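> Mind folding the following:
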Amino acid sequence: MKHINSDALLRSLHDDLSVHLDQYQLSSSLAGKPLWPDASVKQAQCYALAGSLLKKFNEEAVPSDAACSAALTEFLAANDRCREFKLSPVDLRDEELINGVKQALYEFFNPRGFPLFSTYDELFEAGSLGKGQNRLARASDIYTKMFDSPLSYTTETVHFLWTRIASRDPRWSHALKAVTGRYVPKAVAGNQLSFVNKNVTIARCISTEPTMNMWFQLGVGSYLTEGLRRRWNIDLATQPDINGEMACAGSMGNHLSTIDLKSASDSIAFGLCEQILPKELMVYLCQFRSKTVTLPNKEEVPLHMMSTMGNGFTFPLQTAIFSAVITAAYKHHGIKPVVYGPACERNFGVFGDDMICHTKATRTVVRLLGLLGFIVNGSKSFVEGPFRESCGKDWFLGQPCRGVYVKSLATPQACAVAINALNRWSGTTGITLRETVKCLLNLIRRPKWVPPDENDDAGVHVPLDMAVGLKKHQQHGIVGYTYDAAIESYLVVKRRSIVCGHGEVPRNYNPHGLWLCFLLGALRSRKINDSRGYILSLRQRGVVYKTRRKVTPMWDALSPQRSTEWLTGPRWSAAVRDNLGYFE
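Below is the predicted model of the structure:
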């Protein structure tokens, strides 16, 4: 595959956008400067694309030392701020607001006077493990983490609770007996810090939690998630879409503000939680949180933040805290929270640190966040003007103006992802990107033309009449095509063994553990070599593609996931024709 210099791609983009932006405006976008107030919708859309295209571009598979160092510095600075945090109201108004937060959190954690949960058994039953790694685990799939690795924990109390509760169920008891017969459970000080790619200048910190702690943490998180749905009608599975629609309404009516924070999950100070959360809840949170973090250089640092983003209850906990902040501010201003009904009619939306509130309460919300030790990200928070941003949805006067982020161009599949995203952007905005798409298309030696409902990495999405070299069976309306499919990584479970692929660590056979994985939905049936078998899916470490064949009777139908009121089939088709130079 050919390679491209990022500067060449940027020049092509500037050539396409020069119809709407001059050179100074393009340079301002690259420098991250805010959009000028009297910009048109087209200018806002072009400005966003110019600033976003290569913002997250990184040709390296792992972050650089400089990026890791910058991320570590930011993490330690947040931990120091948490250590120094003191809840210091200045006047009676501040005290009233803080008490409002405490009251809202108490009502959240004790709906109708009863706690969300009250026993460790409830947390164990609701527990699970995420898709990431756990400390001392030999791999990241749930079977290996739970039933074929040393089980890690932070305190003897966590170990005792886990063993006592699991021993009551014969399935768990037999499965864990097989594990502990091979691997001795081990105590660790806390979680472990590592880094993954974010952008060229700074990496993203991830924390790996002990296995037993993580199971209970996600148990707590599941109860908090259900509590959010009942108290504020916040469903974490659908709230990003709700926030996106609310941001759209705010960009037109100027009645809603969108607020974003800096390092929000790392800014929940342990001292803050001691003062605003119910004491009964703190007993559980303290029991399962990691009290120290092990840095990449093996140094152990005390954690003064309540938890890191790798903790299983961090995200729903911060959503609850910020929901309580808005609730207290609304109560202070006499504003009734509207959490039900169409998204465009609501005035209350929280998803992690993405907050949407009424503009009349914005100053109070910001003041209260500052009192609680949080830092508002001024470049991503919007109170006035025609622009709003929330949960990855950007709007300008009610029109979408989210840019496209190209993370890699190292493979033909990555180039296809970029081309498809840019073509959809053109279909949404009506702005042609012929030079940019042509530059990317030249990187693919033999592009595969696929229908628009295929995955972005399957090939280049085009209308049927633009697809070249396909087998078309018009008598049935069926069209055959080839596409790139990511090969799924999995373990094959046989009667007395587990077959591992090349490069995978060998797995021991634990029948009771496999039965529990089946009940948890991790073990599933699949056709293997013309017979039925069982597989355990693995997390993809390096994606490998294989060319496959498929047929479709409805090539030009835009899937509901891709179709919106702004992007329709005809608009998308016209954008692809323009960007690929179909009429030349």
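> For the rest of this, base every contact and every neighbour count on C-alpha atoms.
Noted.
> dump the residue contacts of G271.
Residues in contact with G271 (C-alpha atoms under 8 Å, 6 or more residues apart in numbering) are 82-83, 85-86, 304.
> 7 Å instead?
G271 makes contact with F85 under the criterion C-alpha atoms under 7 Å, 6 or more residues apart in numbering.
> Repeat that for A458.
Counting by C-alpha under 7 Å, 6+ apart, A458 touches 413, 483-485.
> and the closest residue to D456 other than its chain neighbours, what helix or strand is that in?
Using C-alpha to C-alpha, 6 or more residues apart in numbering and skipping residues adjacent in sequence, the residue nearest D456 is V417, 4.9 Å away. Element membership for V417, per DSSP states H and E: helix 412-429.
> helices and strands around that helix, which ones?
Contact partners of helix 412-429 among helices and strands, from 3 or more C-alpha pairs under 7 Å, 6 or more residues apart in numbering; DSSP states H and E: helix 434-441, strand 460-461, helix 569-579.
> Phi, psi for K56 please.
Main-chain torsions, K56, degrees, to the nearest 10: phi -110, psi 10.
> count of neighbours near it?
A count of nearby residues for K56, using other C-alpha atoms under 10 Å, gives 17.
> Figure out the length between the terminal residues of stretch 528-541.
22 Å (C-alpha to C-alpha, to the nearest Å).
> how much space between Q540 and T294?
In terms of C-alpha to C-alpha, Q540 sits 26 Å off from T294.
> These two - which one has more neighbours?
More neighbours surround T294 than the other of Q540 and T294, with 20 against 12 (other C-alpha under 10 Å).
> which stretches of this structure have low pLDDT?
Along the chain, segments meeting pLDDT under 70 span 1-4, 471-476, 530, 582-584.
> which one's the longest helix in it?
Counting by DSSP state H, the longest helix found in the chain is helix 211-232.
> buried stuff in that helix?
Within helix 211-232, the residues scored as buried using 16 or more other C-alpha atoms under 10 Å are 211-228, 231-232.
> May I see the helices and strands packed on helix 412-429 organised as a markdown table, with distance to L558 and mean neighbour count added?
Supplementary listing: the helices and strands packed on helix 412-429 in a markdown table, determined by distance: least, C-alpha to C-alpha, whole Å; neighbours: other C-alpha atoms under 10 Å:
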| stretch | distance to L558 | mean neighbour count |
| --- | --- | --- |
| helix 434-441 | 20 | 21 |
| strand 460-461 | 10 | 28 |
| helix 569-579 | 6 | 21 |
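> With distance to Y330 added, can I get those in TSV?
What follows is the helices and strands packed on helix 412-429, written out as TSV (distance: least, C-alpha to C-alpha, whole Å):
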stretch	distance to Y330
helix 434-441	47
strand 460-461	47
helix 569-579	42
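> so V62 touches V196, yeah?
Yes: applying C-alpha atoms under 7 Å as the test, V62 and V196 come out as touching, 6.5 Å apart.
> How far does stretch 503-512 sit from its chain's centre?
Centroid separation for stretch 503-512 versus its chain: 30 Å, with C-alpha atoms, centre = their mean, to the nearest Å.
> same thing with stretch 357-367?
Using C-alpha atoms, centre = their mean, the distance from the centre of stretch 357-367 to the centre of the chain it belongs to is 26 Å.
> out of the helices and strands packed on helix 412-429, nearest to S6?
S6 sits nearest to helix 434-441 of all those, at 10.8 Å, using C-alpha to C-alpha.
> Against which helices or strands is that closest one packed?
For helix 434-441, the packing partners by 3+ C-alpha pairs under 7 Å, 6+ apart come out as helix 6-17, helix 412-429, helix 569-579.
> after the first one, next one along is what?
Following helix 6-17 in sequence order, the next helix or strand is helix 23-30 (DSSP H and E).
> List the buried residues of that following helix.
Residues of helix 23-30 classed as buried by neighbour count (16+ other C-alpha under 10 Å): 25-27, 29-30.
> next one: stretch 298-308
303-308.
> biggest separation within those residues, which pair?
So, the buried residues of stretch 298-308 by C-alpha to C-alpha: farthest apart are H304 and T308, at 10.1 Å.
> Please parse the chain into its domains.
6-53+403-484+545-579, 67-121+199-399, 490-537 (automatic domain parsing).
> what would these look like in JSON lines with distance to T157?
As requested, those are arranged in JSON lines below (distance: least, C-alpha to C-alpha, whole Å):
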{"stretch": "domain 6-53+403-484+545-579", "distance to T157": "44"}
{"stretch": "domain 67-121+199-399", "distance to T157": "8"}
{"stretch": "domain 490-537", "distance to T157": "24"}
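> Ignoring the adjacent residues along the chain, who's closest to the residue nearest in space to the middle of the chain?
Residue closest to the mean C-alpha point of the chain, counted by C-alpha atoms, centre = their mean, is C391 at 9.5 Å. Spatial nearest neighbour of C391, excluding adjacent residues (C-alpha to C-alpha, 6+ apart): P240 at 5.4 Å.
> Now the one helix or strand the one you found maps to: buried residues?
Element membership for P240, per DSSP H and E: helix 239-253. Of the residues in helix 239-253, 239-252 count as buried by neighbour count, 16+ other C-alpha under 10 Å.
> can you give me the offset of it from its chain's centre?
Counting by C-alpha atoms, centre = their mean, helix 239-253 is centred 18 Å from the centre of its parent chain.
> Kindly report the same for stretch 63-82.
Per C-alpha atoms, centre = their mean, the centroid offset for stretch 63-82 relative to its chain is 20 Å.
> can you check stretch 381-392 too?
That offset, for stretch 381-392, works out to 19 Å (C-alpha atoms, centre = their mean).
> again, but for stretch 139-154
With C-alpha atoms, centre = their mean, you get 24 Å for stretch 139-154.
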